[in-house]
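Asks: show me the folded form of this:
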Amino acid sequence: MPQLLAGQTALVTGANSGIGEAVAIAMARAGANVAVNYVVGSADGVVAAIEALGRKAVAVKADVSQEDQVEAMVAEAVKAFGTLDIMVANAGLQRDAPLTQMTKAEWDKVIGVNLTGQFLCAREAAKEFLRRGVRPEVSVAAGKIICMSSVHEVIPWAGHVNYASSKGGIQMMMKSLAQELAPQRIRVNAIGPGAIRTPINTSAWNTPEAYASLMTLVPYRRIGEPQDIANVAVFLASDMADYINGITLFVDGGMTCYPGFATGG
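Replies: Model prediction:
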């Protein structure tokens, strides 16, 4: 992979599995040192994979829905690497239930991690970007924030109202932050994955029947891989994307084309 991020430091949340793991390793392949956030389990394997690529890495445990933990996480990354250039706010989860059975705790948990967590991560990253300013030797931008959204920021999802609401909120949060921070040369964008082969949605693809059903929603007729998202994250973090600000780039095999209407509805 071209060294598009050489000399930079990235912090990727929820990076010990799935999309976050792929993004963290791709950032390292592109030349960045990486702070690998996790909240359960371990990030040692991801750290080792990054170090094997010749980059520096540190594992940072934090629950992104908790303000004090996010503040400490960013401070630890800055202490380890001197500064921060890229924030990938990826951590997210689902707690699915029909509306009449969904508890407030399930609502609060998803909104807290998926939306409030991204707000806190963006805020703390922006503070460091503004403190340091542009480093022209590594990037023409002072900093890059990438929010991990979903096709469900625009596609309603019955039975998942907390998740869809969190992703719809990410869209407007991201655009508002992009508008506010652009004059300071901080770019804010989002990635909207469609159906991606990750542990969060195993039941949607782990049998031939489930996979076939899923493909009715994907015009390109294949499930996405975490690397598909990671490639786009590296691009958005690089100077190649310097004039891209305030957009969600959907990586979904055409899911947002509403394939049910392909034959006229």
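Asks: which element follows the biggest strand by length in the chain toward the C-terminus?
Replies: As assigned by DSSP state E, the longest strand anywhere in the chain is strand 186-193. Counting by DSSP states H and E, the next helix or strand C-terminal to strand 186-193 is helix 208-215.
Asks: can you show me the CA trace of the longest strand of the chain as PDB?
Replies: The C-alpha trace of strand 186-193 is given here as PDB (Å, rounded to 0.1, in the frame of the first residue of the first chain):
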ATOM      1  CA  ILE A 186      -9.900  20.000  10.000                       C
ATOM      2  CA  ARG A 187     -11.800  17.600   7.700                       C
ATOM      3  CA  VAL A 188     -14.700  15.600   9.000                       C
ATOM      4  CA  ASN A 189     -16.300  12.800   7.000                       C
ATOM      5  CA  ALA A 190     -18.100   9.500   7.500                       C
ATOM      6  CA  ILE A 191     -18.100   6.100   6.000                       C
ATOM      7  CA  GLY A 192     -21.500   4.300   5.600                       C
ATOM      8  CA  PRO A 193     -20.900   0.500   5.500                       C
END
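Asks: end to end on stretch 100-118, go ahead and measure it.
Replies: 27 Å (C-alpha to C-alpha, to the nearest Å).
Asks: tell me the mean pLDDT for it?
Replies: Average pLDDT, stretch 100-118: 98.
Asks: can you list the buried residues in it?
Replies: 102, 106-107, 109-118 (16 or more other C-beta atoms under 10 Å). C-beta coordinates here come from the backbone N, C-alpha and C atoms, glycine included.
Asks: surely residue 60 is in a strand?
Replies: Yes. Using DSSP: H, G, I helix; E, B strand; the rest coil, the assignment for residue 60 is a strand.
Asks: so what's it bridging to?
Replies: Beta bridges link residue 60 to residue 37, judged by DSSP bridges.
Asks: these two touch, right, it and residue 34?
Replies: No. Taking contacts as C-beta atoms under 8 Å, residue 60 lies outside contact range of residue 34: 10.2 Å.
Asks: these two: which has the busier surroundings?
Replies: In this view residue 60 and residue 34 are compared by other C-beta atoms under 10 Å, and residue 34 has more residues nearby, 33 against 21.
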